[in-house]
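> Pasting the sequence and the predicted model now:
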Amino acid sequence: MGAEIKVSQADAFTHALAGAAGGAMSMALTYPLVAVTTKLQTQGSNESHESKKLKKKLSLAETAKEVYQEQGVYGFFAGLESAILGMTLSTFVYYYCYEASSRCLLSAKGKQRLNTAESMLVGSIAGSVNAATSNPLWVANTRMTVNASKRGTLGTILDIARNEGPASLFNGLKPALVLVINPIIQYTVFEQLKNRVLESNQKSTLGPSWAFALGAIGKLVATGSTYPYVTMKARMHLQNNENKSSTEKSLIQLMINTVKKNGVSELYRGMGIKLIQSVLTAAFLFFFKEGLVIWSLKLVRLLSQVRRRRTRILNRA
């Protein structure tokens, strides 16, 4: 019982399940910040140019106050169901692809740990598969959050597909694929810092507390460097393919038009609260995920020992 638990003993499916559960719990804990951030990022994005001129851009406090006045406490949890589903699917797909790709690469090279370039390669594979798989859920989540819809996730997805065409469910996929760089940066920073910590402490397993701290650092670096793309992706999720302006059909065109109308600062709207939210979400994700993997391995070990003891007792009888 006193032997050290090694996370490397867990298979890709165990990592994926632990990641999915950790992602769901982290999203549930930080969702009010997600809701306010999404409101800030998409402010005025679905209004006419004239109405944008008349409507004052709101600050974080004013946005939170407006949400409460218009929708009450529910406004801070609008879209929570789709966000948890999206986060659960995203983290499951990402961790499964990441762990499976890592093991193939390590096995082929006969190594125990990935270097920086290898971490980035594995992250790009996992991130691309994840982006394509989960995009419809995130489109539904953005619509449900901004419009405070009380329809379910499946109903929202079906409405979008029926009224705007299935292609609308993949609005924002291109920036999402560009944003694969975000988890690449995040997980590469996390893995390399993790390797340093494990080497300095001469251990093979990272504790949940260390995972929380390193996960926060990784997400801080990733979100800080990719935030304008995050904002544009959220705005593209609100676009209707039928009404979409011909000058705003690509990420770059939308970004250029946004800067022309409102200045460069518009690309960073809500960045402060987004950093807090994403860093906390990532930190809790890594905390829960690493903890769940360790606890699941401990449970498997305990059950195995109980089974062996029971077998010995039966044999003696």
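Received it, and whenever you're ready, just let me know what you need.

> And the helix or strand containing residue 280, how far out from the chain middle?
Taking DSSP states H and E as the definition, residue 280 sits inside helix 271-316. How far helix 271-316 lies from its chain's middle: 20 Å, per CA atoms, centre = their mean, to the nearest Å.

> Likewise for stretch 10-20?
16 Å.

> got the CA coordinates for it in PDB?
Extracted C-alpha coordinates of stretch 10-20, given in PDB (Å, rounded to 0.1, in the frame of the first residue of the first chain):
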ATOM      1  CA  ALA A  10      -3.100   4.500 -16.300                       C
ATOM      2  CA  ASP A  11      -4.200   3.800 -19.900                       C
ATOM      3  CA  ALA A  12      -5.400   6.500 -22.300                       C
ATOM      4  CA  PHE A  13      -9.100   5.800 -21.600                       C
ATOM      5  CA  THR A  14      -8.600   6.300 -17.800                       C
ATOM      6  CA  HIS A  15      -6.900   9.600 -18.500                       C
ATOM      7  CA  ALA A  16      -9.700  10.600 -20.800                       C
ATOM      8  CA  LEU A  17     -12.400   9.800 -18.300                       C
ATOM      9  CA  ALA A  18     -10.600  11.600 -15.500                       C
ATOM     10  CA  GLY A  19     -10.100  14.600 -17.800                       C
ATOM     11  CA  ALA A  20     -13.800  14.600 -18.800                       C
END
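
> Find the least confident helix or strand in this protein, judged by mean pLDDT.
Ranked by mean pLDDT, DSSP states H and E, the weakest helix or strand in the chain is helix 49-54, scoring a mean of 44.

> Tell me which residues of the next helix or strand after it come out buried.
Using DSSP H and E, the helix or strand that follows helix 49-54 towards the C-terminus is helix 60-71. Within helix 60-71, the residues scored as buried using 16 or more other CB atoms under 10 Å are 63-64, 67. Yep, even glycine has a C-beta here, placed from its N, CA and C like the rest.

> again with stretch 222-242
Within stretch 222-242, the residues scored as buried using 16+ other CB under 10 Å are 222-223, 226-239.

> That one - what's its average pLDDT?
In this model, stretch 222-242 has a mean pLDDT of 72.

> centre of the chain versus that stretch, how much separation?
When C-alpha coordinates are averaged (CA atoms, centre = their mean), stretch 222-242 and its chain have centres 14 Å apart.

> Convert it to CSV, retaining C-alpha atoms only.
What follows is stretch 222-242, C-alpha atoms only, in CSV (Å, rounded to 0.1, in the frame of the first residue of the first chain):
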residue,chain,number,x,y,z
ALA,A,222,-1.8,30.3,-23.6
THR,A,223,-4.8,32.6,-23.2
GLY,A,224,-2.7,35.8,-22.9
SER,A,225,-1.1,35.1,-26.3
THR,A,226,-4.2,34.0,-28.2
TYR,A,227,-7.0,36.2,-26.8
PRO,A,228,-7.9,38.2,-29.9
TYR,A,229,-8.7,34.9,-31.7
VAL,A,230,-10.8,33.8,-28.7
THR,A,231,-12.9,36.9,-29.0
MET,A,232,-13.4,36.5,-32.8
LYS,A,233,-14.3,32.9,-32.4
ALA,A,234,-17.1,33.8,-29.9
ARG,A,235,-18.4,36.5,-32.3
MET,A,236,-18.4,34.0,-35.3
HIS,A,237,-20.5,31.6,-33.2
LEU,A,238,-23.3,34.3,-33.2
GLN,A,239,-23.3,34.7,-37.0
ASN,A,240,-26.1,33.4,-39.1
ASN,A,241,-24.8,32.1,-42.5
GLU,A,242,-27.8,33.6,-44.4
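
> for the stretch 1-150 of the chain, what are the low-confidence residue spans?
Applying pLDDT under 70 to the stretch 1-150 of the chain picks out residues 1-9, 41, 43-58, 148-150.

> Helices along that one, start to end?
Here the stretch 1-150 of the chain has its helices, by DSSP state H, counting those that start in this stretch, at 12-41, 49-54, 60-71, 80-109, 116-147.

> Residue 295 is nearest to which of the ones you listed?
Set against residue 295 and scored by CB to CB, the helices of the stretch 1-150 of the chain come closest in helix 12-41, at 8.7 Å.

> Tell me the buried residues in the closest one?
12, 14-27, 30-41.

> Give the other helices and strands that that helix contacts.
helix 60-71, helix 80-109, helix 116-147, helix 208-237, helix 271-316 (3 or more CB pairs under 8 Å, 6 or more residues apart in numbering; DSSP states H and E).

> Which pLDDT value belongs to the closest residue to residue 287 other than its chain neighbours?
Of all residues not flanking residue 287 in the chain, residue 212 sits nearest, at 4.0 Å (CB to CB, 6 or more residues apart in numbering). Looking at residue 212, its pLDDT is 90.
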